[in-house]
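Novice: Pasting a predicted model and its sequence here:
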Amino acid sequence: MASPYDWMDTELAQLQTSNMRRSLRVRQSPHVAGLVQVDGRQLVDFGSNDYLGLSSDSRLVDAVRHAAGQHGWGAAASPLIHGHGVLHQKLAQTLANFKRTESALLFPTGFAANVGCISALMGKGDHVFSDEKNHASIIDGCRLSGATIHVYRHCDPSDLQAKMQTVQPSKKLIVTDSVFSMDGDIAPLPDICEIAEKYHAMIMVDEAHATGVFGIRGSGVCELLGVEDRVAIRVGTLSKALGSVGGFVAGSRSLVDLILNRARTEIFSTAQPEAVCAAAIEAIAIIESEPERRQRVLQLADRFRTQLKQAGWNVGNSASPIIPLLLTNIGEAVQWHQRLLEQGFFVPVIRPPAVPANQAMLRLSLTASHTDEQVERFLQIRLS
Ligand SMILES: Cc1ncc(COP(=O)(O)O)c(C=O)c1O
């Protein structure tokens with residue numbers, strides 16, 4: 001008799017046939033000096049979000065060791081029940097200072113921050129306006145909220161305005177990534193702020209890929225584009241340039257207090273270990289004292305992007321350390337991925353749903369620890 005679980009193998013076979021089946025690779029080393037060991041081979045690693053090279057920095061590792069010795073490992077409960085310790089408090093304050101907001105609240109991950117914040121703030125009868133290329137966690141937060149969702153064309157303020165005009169006065173939220181996670185382009189935040197102000201809408205910006213990388217102080221694209229005071233809801237993650245794990249929202253005391261009381265991903269999930277917070281606190285201190293890290297990764301990305309274009313690659317509108325190599329189909333992307341592996345480069349294939357259906361890309365991401373030589377070697381690869 002057929003098993004009620006047979007359908008799983010059928011679906012996996014379908015994924016395989018359409019080049020859509022993903023699998024885990026075992027990484028045998030951290031990202032160090034632009035390199036990573038995978039399947040026993042040392043590869044140039046263009047697959048991490050470790051933009052500043054902090055994920056294996058000895059200062060973060062020492063901070064974790066020291067904090068685990070003092071505070072133990074697990075947080076043992078959700079923040080409101082019993083899980084909020086002195087290092088959680090210190091990190092929340094450090095993030096608020098870094099983002100120049102009154103307050104900040106930690107979440108177990110950036111994904112949980114987006115889902116929790118949007119579903120806490122919005123509900124049935126409200127209207128959310130979301131960029132079509134926003135991260136999956138924003139999309140899920142919008143769906144979970146029960147609000148009416150208006151998806152506007154990617155980075156297109158005129159489409160946002162057109163959609164805004166169709167909605168009667170009500171509670172409205174515009175939500176966008178600042179740096180888009182796959183295309184590496186930057187949202188036109190000043191124009192979006194103008195529309196929000198005109199139509200009396202709230203704005204939430206996810207700075208997951210910008211925190212630590214953009215702005216004189218390194219706090220993100222809101223700082224770079226001078227809209228810190230106009231964006232009231234600022235979400236981020238500790239998992240990328242900060243080399244750690246966890247998410248956060250920064251904003252006014254009322255915003256943070258309301259989210260603390262309403263966000264189910266906060267209320268019903270165990271807090272991160274305090275030692276994780278120690279790593280993030282150390283990372284922010286490094287970001288503040290070593291601006292050369294962000295300068296390095298941005299300069300390297302600029303140069304690499306220009307040279308990739310000259311070599312015939314389509315890199316879209318990337319303006320960050322994330323550089324997509326846009327391809328016409330998944331088969332082509334998988335072939336390129338294999339070919340690059342053979343030549344010593346790890347560059348992940350991005351398939352739907354991370355990109356729209358029938359699109360594919362290789363996603364190159366640069367870090368401050370890549371060398372000029374690694375980039376030069378990639379550019380020697382022939383396109384045909
Ligand atoms: C734009 C964006 N927001 C949020 C997240 C989720 O962050 P985390 O990895 O901390 O869950 C990601 C990570 O993939 C992201 O790219």
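Specialist: Arrived safely.

Novice: need the contact list for the one residue in the chain that gets nearest to the ligand.
Specialist: At 2.4 Å from the ligand, Gly110 is the closest residue in the chain, using Cβ to the nearest ligand atom. No exception for glycine: its C-beta is placed from N, CA and C like everyone else's. Neighbour list for Gly110: 137, 206, 208, 235-239, 246-247 [criterion: Cβ atoms under 8 Å, 6 or more residues apart in numbering].

Novice: Any quick PyMOL command for the buried ones out of the residues you listed?
Specialist: Buried subset of the contacts of Gly110, written as a PyMOL selection, criterion 16 or more other Cβ atoms under 10 Å:
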select buried, resi 137+206+208+235+236+237+238+239+246+247
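
Novice: Show me which of the contacts of Gly110 is closest to Pro321.
Specialist: Ala208 (12.7 Å; Cβ to Cβ).

Novice: What pLDDT is listed against that closest one?
Specialist: Per-residue pLDDT puts Ala208 at 98.

Novice: Contact partners for the nearest residue to it once chain neighbours are set aside?
Specialist: The shortest distance from Ala208 to any non-neighbouring residue, by Cβ to Cβ, 6 or more residues apart in numbering, is to Thr237 (4.5 Å). Applying Cβ under 8 Å, 6+ apart to Thr237 gives the contacts 109-110, 113, 208, 211, 246-248.

Novice: Now the residue of the chain closest to the ligand. Nearest residue, chain neighbours left out?
Specialist: Leaving aside its chain neighbours, Gly110 sits nearest to Thr237 (3.0 Å; criterion: Cβ to Cβ, 6+ apart).

Novice: Now the lengthiest helix in the chain: buried residues?
Specialist: Among the segments of the chain that qualify as a helix by DSSP state H, the longest is helix 291-310. Within helix 291-310, the residues that qualify as buried are 293-294, 296-298, 300-301, 304-305, 308, counting by 16+ other Cβ under 10 Å.

Novice: and if you look at stretch 189-198?
Specialist: Within stretch 189-198, the residues scored as buried using 16+ other Cβ under 10 Å are 189, 191-193, 195-196.

Novice: which residues touch the longest helix of the chain?
Specialist: Applying Cβ under 8 Å, 6+ apart, the external contacts of helix 291-310 come out as 51-54, 212-214, 216, 218, 241, 286-287, 315, 318, 320-321, 323, 325, 364, 366-368, 370, 372, 375, 378-379.

Novice: Generate a PyMOL selection restricted to the buried subset of these.
Specialist: Only the buried members of those enter the following PyMOL selection, criterion being 16+ other Cβ under 10 Å:
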select buried, resi 51+52+53+54+212+213+214+218+241+286+287+315+318+320+321+323+325+364+366+367+368+370+375+378
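
Novice: In strands only, show me the contacts of helix 291-310.
Specialist: Among the contacts of helix 291-310, the members found in strands (DSSP state E) are 323, 325, 364.

Novice: ok, the nearest residue to the second one once chain neighbours are set aside to Leu308 distance?
Specialist: Taking Cβ to Cβ, 6+ apart as the measure, Leu325 lies nearest to Leu362, with 4.3 Å between them; neighbours along the chain are not counted. To Leu308, Leu362 is 11 Å away according to Cβ to Cβ, to the nearest Å.

Novice: Touching both of these two, which residues are there?
Specialist: Leu325.

Novice: Is Val32 bridged to anything, and to what?
Specialist: Leu35 (DSSP bridges).

Novice: how near is it to Thr367?
Specialist: 10 Å.

Novice: Same check on Arg351?
Specialist: On the measure of Cβ to Cβ, Arg351 and Thr367 end up 23 Å apart.

Novice: chain center to the host helix or strand of Glu194: distance?
Specialist: Secondary structure from DSSP states H and E places Glu194 in helix 189-198. Centre-to-centre, helix 189-198 and its host chain are 22 Å apart (Cα atoms, centre = their mean, to the nearest Å).
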